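Student: Just a sequence and a predicted model for now, questions to come.
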Amino acid sequence: MRVVLVDDDGGRLALLDEAMRAAGHQVVGRLAADGDLVAAVDLLQPDIVLIDVDSPSRDTLESLGQISRDRPRPIVLFAQHSDAETIRRAMKAGVSAYVVDGLSAARLAPVIEVAIARFQEYQTLREELSSTKLKLADRRDVEKAKGLLMKRKGIDENAAYEALRRMAMDRNLRLGDIARSLIAAAELL
Amino acid sequence: MSGPIPLKLGLLPLADAAPLFVARECGYFAGQGLDVSLSVEASWAGLRDKLAAGMLDAAQLLAPMPLAAQLGVDRLGVPFETALTLSRNGNAITVSNALHRRLEAPAPEPIATGAALKRVIGEDRAAGRPPRSFAHVFPFSSHHYLLRDWLADAGIDPDRDVKLVVVPPPLVLKALRDGRIDGYCVGAPWGYAAELEGIGQRLLATHTIRPGCAEKVLGVTGDWAKRQPDAHLALVAALIEAGRWLEQPGNRAAAAQMLIDAKLVGAPDECLRAALRDDHEDLLSPQFIFGAGEMLLPHHDDARWFLRQMQRWGQTGDAVDIEGTVLASYRLQLHDQASSRATSVATPLLQ
């Protein structure tokens, strides 16, 4: 199948590109959302265009859904050729697709499945990354808050950590959050 | 007694999202027992899909979208309905500086501008130049039909003499700057934004083509309307109150500030202020109508006009049940029920 990928997220684009090639498809084009999609579709003649659900350029693809002199085989939303469950999973993963009208469900399904899997994988990666970043920020801020307490109260590191932990527990907050509010308060004074 | 009903309401970042922000900021949603979160979406297709899939409870839709959904010509086939017109007017046809010079400053009305464009198209053809490209925002939009109507009335064939493409509003300036399009019919503030940036000029506002044309409506799925009749009526009532508030003297500037504070639109603040300014002297201004009396109704005349445009331009077959489709998608009775719940303060200026 001839595939065109439209995504502003370079990392996800690369992941998807690799997966499509590995599945034996031909990636004939890679575009950012502000690229000229109409020209790309006319030139590259894809069977399927994979695009971020939240890309503004979806409306451009939507307009290629009518039969005209220039486009005897219109490009339509994949939802027409798929079951409700697949549509729901694709939307949750954040991928949408436009296909040449008449493309059989049997040929479409495996491509959609690969796309859903890669979008999900990327989502998980991104969540892990942001949770790692948060953990690093927590560790840094807890250190800083401990330092503040040691200086203000003249206590040692262990006592400062214990005080911080108690404050967090009493207020039902995470250690990093209580550390950040302590730092913010100290900056005000 | 239970708490407020949580609802998720989708919209696109344009000046005419004002009623939704007013309803939130002025407490009209809360006053009707609703806890509404606004969700800014990137495309009409995305908004439609999320509404159809139940990821949004309701959405600001282009006025023809419920009709297209009812007919299934949007190829999704999940029927939508509306009981409220959120806004009327608001689009402008804007052209590049280069094309504007060739048009030789026609008066900002459909006949003079149409004749000027026809002349330029004739000259282009004689010189062997490729056809001009004009953008609109969605196949089922007032922008699309008003643009075609203006062209056709001037004797320009929208399918042969020009090239029509869809460009999403946040990307039209770039497309104009890059020379990919020669002009566009897009909602405020994107016409004036081109002037401020110095890359284009507004040629005419669409209220001169079809005055008071329905622009955005509040859409829900038919299924949701059946399952949540109370929430639906409360939502419509709150937005009726917001629409009326927007017609009170002096309130438009405050509404523009709400959109600016929400950082809704990626255009200079002045564009939004100008878009909502109620300047009837300026023919190029959008001249939005939000809540003036009967204008809030989902009038069947609007729906019939849209359906006839769909037929005229080959989006539907000829055998369309116009009256059945209108009745199923534009719900006047629901509007009346909701209207009786709208108890707000201010009486509208125009009754």
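Tutor: Looks like it arrived, so ask away.
Student: And the residue nearest to the spatial centre of chain B, how far from residue B:25?
Tutor: Central residue of chain B (C-alpha atoms, centre = their mean): residue B:215, 3.5 Å from the mean position. From residue B:215 across to residue B:25, the span is 21 Å (C-beta to C-beta, to the nearest Å). The C-beta positions use only the backbone N, C-alpha and C, and glycine is treated the same way.
Student: now do residue B:95
Tutor: Taking C-beta to C-beta, one finds residue B:95 at 36 Å from residue B:25.
Student: Settle it for me: which of those two has more neighbours?
Tutor: Using other C-beta atoms under 10 Å in any protein chain shown as the criterion, residue B:95 and residue B:25 rank with residue B:95 on top: 27 against 17.
Student: Find me the pLDDT at that one, would you?
Tutor: At residue B:95, the model reports a pLDDT of 98.
Student: Over to residue B:350?
Tutor: pLDDT at residue B:350 comes out at 41.
Student: And the strands in the chain, which stretches?
Tutor: Since no chain was named, I'll use chain A. A:2-6, A:26-31, A:48-52, A:75-77, A:95-100 (DSSP state E).
Student: not quite, I wanted chain B
Tutor: Under DSSP E, chain B gives strands at B:5-11, B:34-40, B:58-62, B:80-88, B:91-96, B:132-136, B:162-166, B:183-187, B:200-205, B:214-221.
Student: gap between the residue positioned nearest the centre of chain A and chain B?
Tutor: Nearest residue to the geometric centre of chain A (C-alpha atoms, centre = their mean): residue A:123, 4.7 Å. Using C-beta to the nearest C-beta, to the nearest Å, residue A:123 is found at 16 Å from chain B.
Student: quick one, what contacts that residue?
Tutor: A:93, A:94 (C-beta atoms under 8 Å, 6 or more residues apart in numbering or on different chains).
Student: Low-confidence ranges, chain A, go.
Tutor: Scanning chain A for pLDDT under 70 picks out A:67, A:69.
Student: if I look at the residue nearest to the centre of chain A, how far off is residue A:77?
Tutor: Distance from residue A:123 to residue A:77, by C-beta to C-beta: 22 Å.
Student: do the same with residue B:269
Tutor: 36 Å.
Student: which one of those two has more residues nearby?
Tutor: Counted by other C-beta under 10 Å, residue B:269 and residue A:77 do not tie: residue A:77 has more neighbours, with 22 against 15.
Student: interface residues of chain B facing chain A?
Tutor: B:41-46, B:49-50, B:53, B:55, B:75-76, B:137-139, B:159, B:165-168, B:170-171, B:174, B:180, B:314-315 (C-beta under 8 Å from any C-beta of the partner chain).
Student: Just the residues you listed: which are in helices?
Tutor: Among the residues of chain B next to chain A, DSSP state H puts B:44, B:45, B:46, B:49, B:50, B:174 in helices.
Student: Return the member of those nearest to chain A.
Tutor: residue B:45 (4.1 Å; C-beta to the nearest C-beta).
Student: Could I get the full set of helices for chain A?
Tutor: Going by DSSP H, chain A shows helices at A:10-22, A:37-44, A:58-62, A:84-93, A:105-153, A:157-171, A:175-188.
Student: And the stretch 251-351 of chain B, by the same measure?
Tutor: B:251-261, B:269-276, B:300-312, B:322-329, B:332-339 (DSSP state H, counting those that start in this stretch).
Student: can you pull the buried residues of the second one?
Tutor: Think helix B:269-276. B:271, B:272, B:273, B:274, B:275, B:276 (16 or more other C-beta atoms under 10 Å in any protein chain shown).
Student: Format those as TSV; extra columns: pLDDT and distance to residue B:248.
Tutor: Shown next, in TSV, are those (pLDDT from 0 to 100; distance: C-beta to C-beta, whole Å):
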residue	pLDDT	distance to residue B:248
B:271	94	23
B:272	95	19
B:273	95	17
B:274	94	19
B:275	95	18
B:276	95	13
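Student: and the residue of the stretch 201-350 of chain B nearest chain A?
Tutor: Counting by C-beta to the nearest C-beta, the stretch 201-350 of chain B gets nearest to chain A through residue B:315 (6.6 Å).
Student: That residue contacts residue A:66, correct?
Tutor: Yes - Residue B:315 is within contact range of residue A:66, at 6.6 Å (criterion: C-beta atoms under 8 Å).
Student: Please enumerate the shared neighbours of those two.
Tutor: Common neighbours of residue B:315 and residue A:66 (C-beta under 8 Å, 6+ apart) are residue B:139.
Student: Looking at the two, which has the bigger crowd around it?
Tutor: residue B:315 (21 against 17).
Student: Excluding chain neighbours, what is closest to residue A:164?
Tutor: residue A:145 (5.9 Å; C-beta to C-beta, 6 or more residues apart in numbering or on different chains).
Student: The one you found against residue A:179, yeah?
Tutor: Yes - with contacts counted by C-beta under 8 Å, residue A:145 reaches residue A:179, the gap being 3.7 Å.
Student: Now do the contacts for residue 82.
Tutor: Picking chain A for this. A:90, A:105, A:108, A:109, A:112.
Student: Switch to chain B, please.
Tutor: Contacts of residue B:82 (C-beta under 8 Å, 6+ apart): B:61, B:63, B:66, B:217, B:218, B:219, B:220, B:298, B:329, B:330, B:331.
Student: Write down the beta-bridge partners of the fourth one, one by one.
Tutor: Right, the one you point to is residue B:217. Beta-bridge pairing for residue B:217 (DSSP bridges): residue B:61, residue B:85.
Student: Local confidence estimate at it?
Tutor: On the pLDDT scale, residue B:217 gets 98.
Student: residues near residue A:161, how many?
Tutor: Residue A:161: 18 neighbours (other C-beta under 10 Å).
Student: ok, it touching residue A:146?
Tutor: Yes - if you go by C-beta under 8 Å, residue A:161 and residue A:146 touch, sitting 5.8 Å apart.
Student: so how many other residues sit close to residue A:17?
Tutor: Neighbour tally, residue A:17, other C-beta under 10 Å: 18.
Student: Run a quick check on it versus residue A:29, I expect a contact.
Tutor: No - at 10.4 Å, residue A:17 does not count as touching residue A:29 under the criterion of C-beta under 8 Å.
Student: Now list whatever residues contact both of these two.
Tutor: By C-beta under 8 Å, 6+ apart, the residues touching both residue A:17 and residue A:29 are residue A:5.
Student: hmm, back to that, need the helices of the stretch 251-351 of chain B in TSV with distance to residue A:166, can you?
Tutor: Below are the helices of the stretch 251-351 of chain B laid out as TSV (distance: least, C-beta to C-beta, whole Å):
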stretch	distance to residue A:166
helix B:251-261	40
helix B:269-276	48
helix B:300-312	64
helix B:322-329	61
helix B:332-339	53
